[in-house]
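Student: Sequence and computational prediction follow.
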Amino acid sequence: MKRNLAKIVLTLVAASLFAATGAAQAADRLNVVCTLTDLGWLAQQVGGDDAQVEVLCPGAYDPHFLPARPSLARTLGKADLLCYNGLDLEVGWLPVLMDKARNPRVRGGEPGDLDCSRAVDRVLEVPAGAVSRAEGDVHPYGNPHYLLDPRNGVKVAHLMAERMAQLRPEAADRFRRRADDLDADLAPRIRAWHDAASVAGAHPLVIHTKQWEYLADWLGLQLLDAVENRPGIAPSPKHVDELIGRATAAGVVELIAAPWNHLDAAGKAASRMNAALVVLPAAVDSQPDTGTYPAMFDVIAARLAAGAKGAQR
Amino acid sequence: MRAMLTIALALVLAAGAVHAQSSTVTGISSTFNPAISVNALLLGRTAHASDDPALNGFDLQESEVQFTSVVDPYWKANLITAFAPGEDGTEVEIEVASLESRTLPGGFGLRVGQNHLPFGKHAPLHTHQFPFVDAPLAVSTFLGPEGLSDAGLQLSHELPLPWYADLTGYVGSGNTDILDGGSRQPAWGARLSNVFDLSMESTFELGGSWLRGPVAHDYLSLDGSDVLSGDLDLFGADATWKWVSSSRTRGPAATVTAEVVLPRPDASSQRPVGWYAYGQYRIAGYWWLGLGVGGIDRRSADPLVDAADFGLFHWEKARESKANVTWVPSEFSAVRLEVARFDDRLGDTSDTLVSLQFNFTIGSHPAHLY
């Protein structure tokens, strides 16, 4: 009996020590909170064992409209580093979570605040003049969907490495090495994705919502127009009719949509223009088999290439 | 008309501020101007029985002008001024004029100044966030027609529990419609909000609120006469289930909320009860449906004063039921058609209101709370 009791006590002590050691190790790790799944994957590659990464917006949600559940503020409250997309993509929910999280470490201007759009040297569609909401829910600082160009993902990884190095100088070399390794790993894959998917540039494409411009810029795709031509506003029947006429005349064979778009409406529009509806993953984990950033581009490249081959037949 | 002019003036000031150019020589710069937004509610309504002009016709319901900015490394400031037509012309109210700490350690949140009090689910809402055209009877009658806004200090902290639990304590001057702000005695209160994640798409919130302060002498008086003294305790409980489908942008979404408010004046034997419940459902992306019920009960055979007409209600035992459909074509405008039925169980003041409400926001408006 006494021996059993001693075993139990020893087991409990060992478990406590193990838990304490784990907690200490966890405490040493950099708590990184990312708004998007793409950023979360990049941060985990750069942070490795030196970082604990959590993501606020699941891949399934349109990142413009994430419901700001208070539990997400609790997650944000633990962060040493907040990595966000910027260019007002998360403006509908991140400020609410920031207020609730009460975490001075990640407030604007602090080292824990990282606007990842700063890594992008060419922001597309920055309005040249005055911005009006007559054009819909436009992004006044430019198109925020730069992570759909994997070259920007690499730049973001290097930016993350520098900021993590600033916050954890003792692990600086490891952060930079991991970013370099990721860069080296992705470089040939980026070329392969480009080679496979750029065939889709042979025909003009119609997009359902305006978020594929960086992808098109990278692959040389011709985007004729968007079904939802004013962001956040239901397209008028007149615009859809006119677009279908233009798309038919231009020989459009694919209509590109994101998983969270109104796919019934997109399918009907595609059908009327005799085009195929191609649903592409617009974020990591937004569809099956897209659990990583490279896997997302594997799927994008494969579907664009398959669509182009279908058109050639 | 004066309200319209006031809004126009605010818009001109805002536009001028935006276009002002920075200059080292003049010292005039727009660089650090606060975010400015204006919201307005335009309301047309008709009553089946009443010929009260306030319930028949088209007018500005309310307009809010909001300024928000970071002050310095330590504070963020928020100023909200509301304009609404009143019996004596345009009424202007400073709803919010507060500083919010940016650097308080330990996960504490601090707000100092004029703020909505943390009581219940509905009272902290701005008018343009209401799920129906009017506030529930339980809120407008027991918490005041203008909502609960008071100058004071609010301290918040998230409790270390397995679920999200936020506790907010409050102390202030008690300068509200329901408390006696002239008293030297402060008002106190607290709210505990517990939010449970049921899934990635849905949450369930349970809240409890309490407020204590020197009661306004005409509180719950039907004819405005001074009948009460001493303190007032207000107790509230609320529950909200919220679901937003992740299936697509502006996909199906639903909210169901119920709240009960229990005023307990020291010097009264009355045990009033107010409650409401409503549901909202988003269909077809840009359309919302709403259904709501509510009521207030005095629950006493010994009323403070004789029942007399009080607008539509005796509120001895009043009931309300509402239904609306709202078209939300963008994040910045909404058009709502609503039918509301109000019944006083004493039987002599009942009416049906049909309302058409236009809601718009311009400028840089902060995102609303979850």
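Tutor: Great, that's in hand. Numbering: from 1, shown residues only, chains lettered A, B, ... in the order given.
Student: Verify the contact between A:A73 and B:S193 for me.
Tutor: No - with contact defined as CB atoms under 8 Å, A:A73 and B:S193 do not form a contacting pair (11.8 Å). For every residue, glycine as well, the C-beta is placed using N, CA and C.
Student: Which residues of the stretch 51-200 of chain B lie near chain A?
Tutor: Selection of the stretch 51-200 of chain B residues close to chain A by CB under 8 Å from any CB of the partner chain yields B:70, B:73, B:100, B:102-105, B:107-109, B:156, B:158, B:163-164, B:166, B:193, B:195, B:197, B:200.
Student: Apply the buried test to the residues you listed and list what passes.
Tutor: Listed as buried from those are B:70, B:100, B:102, B:104, B:107, B:109, B:156, B:158, B:163-164, B:166, B:193, B:195, B:197; burial here means 16 or more other CB atoms under 10 Å in any protein chain shown.
Student: quick one: which of those residues is nearest to B:E64?
Tutor: B:E100 (18.1 Å; CB to CB).
Student: what sits against the closest residue to the closest one other than its chain neighbours?
Tutor: Spatial nearest neighbour of B:E100, excluding adjacent residues (CB to CB, 6 or more residues apart in numbering or on different chains): B:K76 at 4.6 Å. Contacts for B:K76 (CB atoms under 8 Å, 6 or more residues apart in numbering or on different chains) come out as B:T68, B:S69, B:V70, B:L99, B:E100, B:R102.
Student: The nearest residue in space to A:L277 that is not next to it in sequence: which element?
Tutor: Spatial nearest neighbour of A:L277, excluding adjacent residues (CB to CB, 6+ apart): A:A270 at 4.1 Å. Element membership of A:A270 [criterion: DSSP states H and E] is helix A:263-272.
Student: Tell me the buried residues in that helix?
Tutor: Neighbour-count burial for helix A:263-272 [16+ other CB under 10 Å]: A:L263, A:A265, A:A266, A:G267, A:A269, A:A270, A:R272.
Student: what sits up against that helix?
Tutor: Contacts of helix A:263-272 (CB under 8 Å, 6+ apart): A:206, A:208, A:227, A:240, A:243-244, A:254-255, A:257, A:276-277, A:279, B:248.
Student: mean confidence for it?
Tutor: The pLDDT scores in helix A:263-272 average 92.
Student: to the chain's geometric centre, what's the distance from it?
Tutor: Centroid separation between helix A:263-272 and its chain, computed with CA atoms, centre = their mean, to the nearest Å, is 25 Å.
Student: before we move on, the earlier item: switch the buried ones among the residues of the stretch 51-200 of chain B next to chain A over to TSV; also include distance to B:V227 and pLDDT.
Tutor: Listed next are these as TSV, based on distance: CB to CB, whole Å; pLDDT from 0 to 100:
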residue	distance to B:V227	pLDDT
B:V70	46	93
B:E100	38	95
B:R102	45	89
B:L104	42	88
B:G107	44	86
B:G109	38	94
B:S156	35	96
B:E158	41	93
B:W163	43	95
B:Y164	42	95
B:D166	36	96
B:S193	34	97
B:V195	39	97
B:D197	46	96
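Student: between those residues, which is closest to B:L228?
Tutor: Once CB to CB is applied, the member of those that ends up nearest B:L228 is B:S193, at 29.6 Å.
Student: Which helix or which strand is home to the closest one?
Tutor: strand B:187-197.
Student: Packing partners of that strand?
Tutor: Contacts defined by 3 or more CB pairs under 8 Å, 6 or more residues apart in numbering or on different chains; DSSP states H and E place strand B:187-197 against helix A:70-77, strand B:164-172, strand B:202-214.
Student: Contacts for it next, please.
Tutor: Under CB under 8 Å, 6+ apart, the answer for strand B:187-197 is A:69-71, B:117-120, B:150, B:152, B:161, B:163-174, B:176, B:179, B:203-214, B:234.
Student: let's go with 7 Å and repeat that
Tutor: With contact meaning CB atoms under 7 Å, 6 or more residues apart in numbering or on different chains, strand B:187-197 is reached by A:69-71, B:117-119, B:150, B:163-174, B:179, B:203-213.
Student: who does it pair up with?
Tutor: If you go by DSSP bridges, strand B:187-197 pairs up with strand B:164-172 (antiparallel), strand B:202-214 (antiparallel).
Student: what about residue 134, neighbour count?
Tutor: In the absence of a named chain, chain A is used. Using other CB atoms under 10 Å in any protein chain shown as the criterion, A:A134 is surrounded by 8 other residues.
Student: looking at chain B here, not the other one
Tutor: 21.
Student: Specify the local secondary structure of it.
Tutor: Of the three states, B:D134 takes coil under DSSP: H, G, I helix; E, B strand; the rest coil.
Student: Pick the one among the contacts of B:K76 closest to chain A.
Tutor: Checking these against chain A with CB to the nearest CB, the nearest one is B:R102 at 6.0 Å.
Student: Quick one: residues contacting the closest one.
Tutor: Contacts of B:R102 by CB under 7 Å, 6+ apart are A:P104, A:R107, B:P73, B:Y74, B:W75, B:K76.
Student: Swap in 6 Å and give it another go.
Tutor: B:R102 makes contacts with B:Y74, B:K76, as judged by CB atoms under 6 Å, 6 or more residues apart in numbering or on different chains.
Student: Measure how the host helix or strand of A:I244 sits relative to helix A:263-272, angle-wise.
Tutor: Using DSSP H and E, the element containing A:I244 is helix A:237-250. Helix A:237-250 runs at 40 degrees relative to helix A:263-272, counting by axes from the mean of the first three to the mean of the last three CA atoms, to 10 degrees.
Student: moving C-terminal of helix A:237-250, what's the next helix or strand?
Tutor: Counting by DSSP H and E, what follows helix A:237-250 is strand A:254-257.
Student: No further questions, thank you.
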